[in-house]
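Chemist: how does the following fold in three dimensions:
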Amino acid sequence: MAKKKKLRSSKVDRISKLPAHLIQLILTPLPIKEAGRTSVLSREWRHHWRSITRLVFDDEFFDSPDSSDSDDEISANKLMSNIQETLQVHDGPITEFVLSNIQLVTTIKISPLISHLSGKGVSDLSLLYCKYSGPLMFEGEIDSSLFHAVQLDRLSMEGCKFTVPSWFMGFTRLTSLRLEYVGLPDDFFHSFLLKCPLLEDLRVFFFQGLYDLEVVAPPCLKVCILRAFCLDSIIGFKYAPLLSVVSLQAQEIESESPATDMVSVFASLPALQQLYVSFECLDLIAADPIPYRLPTVLHCLKVIDIRKCGHKNGSLLKQEVLLCLIKSSPNLFKLTIQMEAGGDLYFRRDLKLPDCEPDTDLEAKDGCCQRLQEVDIKLSGGSQVELDLLRFVLANGPLLRRIVIEPGKKLSWEGCLKFLEEIRHYDCASERAEIIYVNKCNVVVFRTRLANL
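Modeler: Below you'll find the model as predicted:
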């Protein structure tokens with residue numbers, strides 16, 4: 001018995017003896033309520049949550065409002081009171097502050113928070129008002145005190161709207177800005193961005209109602225991701241010397257939207273490395289005349305990814321625009337095309353392959369695709385556009401290693417076999433080119449070298 005007691009007393013309480021920096025690493029990713037509950041693990045942990053540098057207040061932190069508390073102002077006061085009580089007992093710096101899924105109020109008066117957080121040195125602020133529940137979910141209104149937090153390095157907002165006060169001089173340290181379901185002021189892509197001179201990463205999801213989408217990029221901007229419900233505007237960029245990743249997507253385009261000159265668009269993007277564009281947005285940079293090749297060669301562009309984003313085609317992919325981009329990108333490494341079913345279908349069910357003359361513009365080998373190695377294509381139905389595109393890359397890609405083909409919803413297995421039979425007769429510049437056929441779940445059905453077809 002004495003021996004057993006001795007063994008028990010000799011056991012080391014490893015949890016209590018963890019170094020303080022390891023405890024901080026464990027607590028920091030947790031929401032504030034969960035971090036506080038870890039005090040049951042050990043007495044040594046009781047006060048550690050008070051010094052974590054990342055504070056997350058989510059919907060589980062707040063008690064459900066009483067049925068009598070239907071007034072928004074009462075709910076807002078409760079919310080702010082709970083947060084301030086927690087901040088008062090917090091000891092140490094706060095580098096990241098997250099207010100997540102707050103659905104209790106329609107106006108968040110954050111001036112007391114901003115004042116406190118600024119004194120704590122917060123550099124990463126997230127105000128995630130509510131989960132998405134509709135295309136116009138911009139209900140949470142952020143008051144102007146946000147614009148006093150000029151020390152911010154990263155800012156994220158969701159499900160809200162804001163107005164830029166006239167006295168705002170800018171976020172002079174901001175490097176990352178992420179907005180989702182946010183009602184934007186009219187001058188957002190113009191004067192507002194210019195007030196963020198160090199901004200490197202801009203991501204704006206599901207905005208609406210902007211008529212002139214000309215991004216006046218800060219000089220340090222490297223990533224620009226824009227995704228809209230509906231665009232009825234001209235797309236353009238002022239000169240952005242460091243912008244390397246551009247993503248433009250929209251679910252709908254107004255039928256009478258004016259197109260802009262693609263020459264001027266890409267002349268402003270000399271460092272572009274990755275381009276992601278939906279079919280709809282491609283139409284907006286396709287003003288006639290479309291050049292055979294851009295006068296400004298896109299030496300840095302390595303990835304072109306063109307996908308269908310919404311439900312209305314408007315028109316099929318402008319083949320001339322895509323070819324112009326390919327011919328203007330001598331270092332292109334990967335090409336992804338996601339076709340959607342339209343009116344140009346040839347292999348649906350029992351339809352026969354049409355007797356079509358190949359596009360002569362696609363036959364000439366003019367030195368492009370010399371470094372292209374990967375092609376991913378989702379077939380709409382085996383259209384002539386798709387056949388012409390594959391003929392072009394096969395004839396011009398000496399380093400081509402793999403072509404991944406995924407059938408669309410309206411393309412049968414028999415139709416895919418007909419498609420493969422057709423491309424079997426095409427000239428191929430690469431001896432290593434491999435065809436990989438995947439199903440709708442991205443599972444490989446078969447793979448073979450093109451030479452073996």
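Chemist: was I right about Gln249 contacting Ile235?
Modeler: No - at 11.3 Å, Gln249 does not count as touching Ile235 under the criterion of CB atoms under 8 Å. Every C-beta, even on glycine, is put in place using the N, C-alpha and C of the backbone.
Chemist: shared neighbours of those two, anything?
Modeler: Here Gln249 and Ile235 have Cys281 as joint contacts, going by CB atoms under 8 Å, 6 or more residues apart in numbering.
Chemist: check whether the nearest residue to Ala217 once chain neighbours are set aside sits in a helix, strand or coil.
Modeler: Setting aside the residues directly before and after it, Ala217 is nearest to Ala240 in space (CB to CB, 6 or more residues apart in numbering), at 3.8 Å. Of the three states, Ala240 takes coil under DSSP: H, G, I helix; E, B strand; the rest coil.
Chemist: next, count neighbours for Tyr129.
Modeler: Counted by other CB atoms under 10 Å, the residues lying close to Tyr129 total 26.
Chemist: against Leu179, how distant is it?
Modeler: Distance check for Tyr129 against Leu179: by CB to CB, to the nearest Å, it reads 11 Å.
Chemist: what sits in contact with each of the two?
Modeler: Common neighbours of Tyr129 and Leu179 (CB under 8 Å, 6+ apart) are Met157, Glu158.
Chemist: can you give me the strands in the stretch 151-300 of the chain?
Modeler: 154-161, 176-183, 201-208, 212-215, 223-231, 234-237, 245-253, 274-278 (DSSP state E, counting those that start in this stretch).
Chemist: let me have these in a markdown table, extended by mean neighbour count.
Modeler: Below are the strands of the stretch 151-300 of the chain laid out as a markdown table (neighbours: other CB atoms under 10 Å):
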| stretch | mean neighbour count |
| --- | --- |
| strand 154-161 | 20 |
| strand 176-183 | 21 |
| strand 201-208 | 19 |
| strand 212-215 | 18 |
| strand 223-231 | 20 |
| strand 234-237 | 20 |
| strand 245-253 | 21 |
| strand 274-278 | 21 |
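Chemist: dump these to JSON lines, plus distance to Asp288 and mean pLDDT.
Modeler: JSON lines is the format used below for those (distance: least, CB to CB, whole Å; pLDDT from 0 to 100):
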{"stretch": "strand 154-161", "distance to Asp288": "38", "mean pLDDT": "88"}
{"stretch": "strand 176-183", "distance to Asp288": "34", "mean pLDDT": "90"}
{"stretch": "strand 201-208", "distance to Asp288": "28", "mean pLDDT": "84"}
{"stretch": "strand 212-215", "distance to Asp288": "20", "mean pLDDT": "72"}
{"stretch": "strand 223-231", "distance to Asp288": "19", "mean pLDDT": "83"}
{"stretch": "strand 234-237", "distance to Asp288": "15", "mean pLDDT": "73"}
{"stretch": "strand 245-253", "distance to Asp288": "17", "mean pLDDT": "82"}
{"stretch": "strand 274-278", "distance to Asp288": "18", "mean pLDDT": "91"}
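Chemist: okay, the ones you listed in JSON lines with distance to Ile114 next?
Modeler: As requested, the strands of the stretch 151-300 of the chain are arranged in JSON lines below (distance: least, CB to CB, whole Å):
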{"stretch": "strand 154-161", "distance to Ile114": "12"}
{"stretch": "strand 176-183", "distance to Ile114": "17"}
{"stretch": "strand 201-208", "distance to Ile114": "22"}
{"stretch": "strand 212-215", "distance to Ile114": "28"}
{"stretch": "strand 223-231", "distance to Ile114": "27"}
{"stretch": "strand 234-237", "distance to Ile114": "32"}
{"stretch": "strand 245-253", "distance to Ile114": "31"}
{"stretch": "strand 274-278", "distance to Ile114": "35"}
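Chemist: and the ones you listed: which comes nearest Met80?
Modeler: strand 154-161 (15.9 Å; CB to CB).
Chemist: show me what that closest one is packed against.
Modeler: Under the contact criterion of 3 or more CB pairs under 8 Å, 6 or more residues apart in numbering; DSSP states H and E, strand 154-161 touches strand 124-128, strand 140-142, strand 176-183.
Chemist: if we go to 10 Å?
Modeler: In terms of contact count using 3 or more CB pairs under 10 Å, 6 or more residues apart in numbering; DSSP states H and E, strand 154-161 is assigned the packing partners strand 96-100, strand 124-128, strand 140-142, strand 176-183, strand 201-208.
Chemist: alpha carbons of the last one, as PDB, please.
Modeler: In this case it means strand 201-208. What follows is strand 201-208, C-alpha atoms only, in PDB (Å, rounded to 0.1, in the frame of the first residue of the first chain):
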ATOM      1  CA  ASP A 201      -4.000  41.600 -50.300                       C
ATOM      2  CA  LEU A 202      -7.500  42.800 -51.300                       C
ATOM      3  CA  ARG A 203     -10.400  40.300 -51.300                       C
ATOM      4  CA  VAL A 204     -14.000  41.500 -51.800                       C
ATOM      5  CA  PHE A 205     -16.800  38.900 -52.100                       C
ATOM      6  CA  PHE A 206     -20.400  39.400 -53.200                       C
ATOM      7  CA  PHE A 207     -20.700  43.100 -53.600                       C
ATOM      8  CA  GLN A 208     -23.300  44.800 -55.800                       C
END
